[in-house]
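In: My questions concern the predicted model and sequence given below.
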Amino acid sequence: MDEKALRALLGQVKTGKVSLDDAVGKLKDLPYAELGYATVDTHRNLRFGFPEVVLGEPKTVEQILGIVSVLVERKQTVLVTRLQPDKAEALVARFPKGQYHPVARIFHLPQRKVKAGRVAVVTGGTSDLPVAEEAALTAEAMGAEVRRVYDVGVAGIHRLLRRRDEIQECHVAVAVAGMEGALASALGGLVGIPVVAVPTSVGYGANLGGISALLSMVNSCASNVATMNIDNGFGGGFYAALISRTKGRS
């Protein structure tokens, strides 16, 4: 239940179209739904503007189906991240209106329209696409208009310069890069919008599974850069959409 649905229900109680007992029945599990193995926060959509997101990787198929069923029954948008193909197959079979995005490993079933602003997702290279698509699809699920600007890393910075105006037109950018992670600083110095940096584990040798990129981004000399954890495309896309939300609603 979101704020619009809650207001409609309370209005029906006020006019007598819905009895007090029926309203209590609909609201009794508003804060959460207890499944034994999970306590689904069904109140989050009301207080936060977007429902609970499900991390699929460590969960069983049965657990994911149970949690998603709760969200679907309450007409809340479903976003399941880090999803293996066999689990995705089970979800699509149960909820055919949803879609699985294999590159991002995301299952998305929109239930209500939400609106945010414009988000640019920018990558250093093609190898960063899985993390970038996780960010892009997460932002889109939250209502953002996403512009994908891929493979424009500092090894050929003229590619980034050519797309600068397009990125600047957005409310926030997500810089996704591995190797030495210089993309975030380069982009931050070129645009006057917030930049959410997402280091990836892509790289050779001393990349150390993304640690070198993480340290570069954390130590960025561009003051408009904030950094997520390694490979956290979901966090980058979610945070960027939140930043853009006030712009998108203005």
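Out: Received, thanks.

In: This protein: helices as residue ranges?
Out: Taking DSSP state H to define them, one finds helices in the chain at 3-15, 20-27, 44-48, 61-73, 85-94, 129-141, 158-162, 164-168, 183-190, 211-218, 233-249.

In: list the contacts for the residue lying closest to F107 once chain neighbours are set aside?
Out: Sequence neighbours aside, V80 is the residue nearest to F107 in space, at 4.2 Å (criterion: Cβ to Cβ, 6 or more residues apart in numbering). Backbone N, C-alpha and C define where each C-beta goes, glycine included. Under the criterion of Cβ atoms under 8 Å, 6 or more residues apart in numbering, the contact list for V80 reads 53-56, 64, 68, 91, 106-108.

In: of those residues, buried ones?
Out: 53-54, 56, 64, 68, 91, 106-108 (16 or more other Cβ atoms under 10 Å).

In: mind giving me JSON lines with those and columns for distance to A197 and pLDDT?
Out: Converted to JSON lines, the buried ones among the contacts of V80 look like this (distance: Cβ to Cβ, whole Å; pLDDT from 0 to 100):
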{"residue": "V53", "distance to A197": "21", "pLDDT": "87"}
{"residue": "V54", "distance to A197": "25", "pLDDT": "91"}
{"residue": "G56", "distance to A197": "25", "pLDDT": "91"}
{"residue": "I64", "distance to A197": "30", "pLDDT": "93"}
{"residue": "V68", "distance to A197": "31", "pLDDT": "92"}
{"residue": "L91", "distance to A197": "31", "pLDDT": "94"}
{"residue": "I106", "distance to A197": "21", "pLDDT": "96"}
{"residue": "F107", "distance to A197": "26", "pLDDT": "96"}
{"residue": "H108", "distance to A197": "24", "pLDDT": "95"}
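
In: Tell me the one of these nearest A241?
Out: V53 (11.8 Å; Cβ to Cβ).

In: Let me know whether that closest one touches T77 as I believe.
Out: No - checked against Cβ atoms under 8 Å, the pair V53 and T77 is beyond contact range at 9.3 Å.

In: Now the residue nearest to T77 when sequence neighbours are not counted: phi and psi?
Out: Counting by Cβ to Cβ, 6+ apart, Q111 is the residue found nearest to T77 once chain neighbours are left out, at 4.8 Å. Per-residue torsions, Q111: phi -120, psi -30 (degrees, to the nearest 10).

In: Just give me the neighbour total for Q111.
Out: By the criterion of other Cβ atoms under 10 Å, Q111 has 17 neighbours.

In: any idea how far the residue most central in space within the chain lies from R147?
Out: Centroid-nearest residue in the chain: T138, 2.6 Å away (criterion: Cα atoms, centre = their mean). Taking Cβ to Cβ, to the nearest Å as the measure, T138 and R147 are separated by 15 Å.

In: Next: A184.
Out: 17 Å.

In: For E3, report the pLDDT, please.
Out: As summarised for this prediction, E3 has a pLDDT of 62.

In: May I have the beta-bridge partners of V149?
Out: Per DSSP bridges, the residues bridged to V149 are V122.

In: Would you confirm that it contacts G124?
Out: No - if you go by Cβ under 8 Å, V149 and G124 don't touch, sitting 10.8 Å apart.

In: So which of those two has more stuff around it?
Out: More neighbours surround G124 than the other of V149 and G124, with 31 against 22 (other Cβ under 10 Å).
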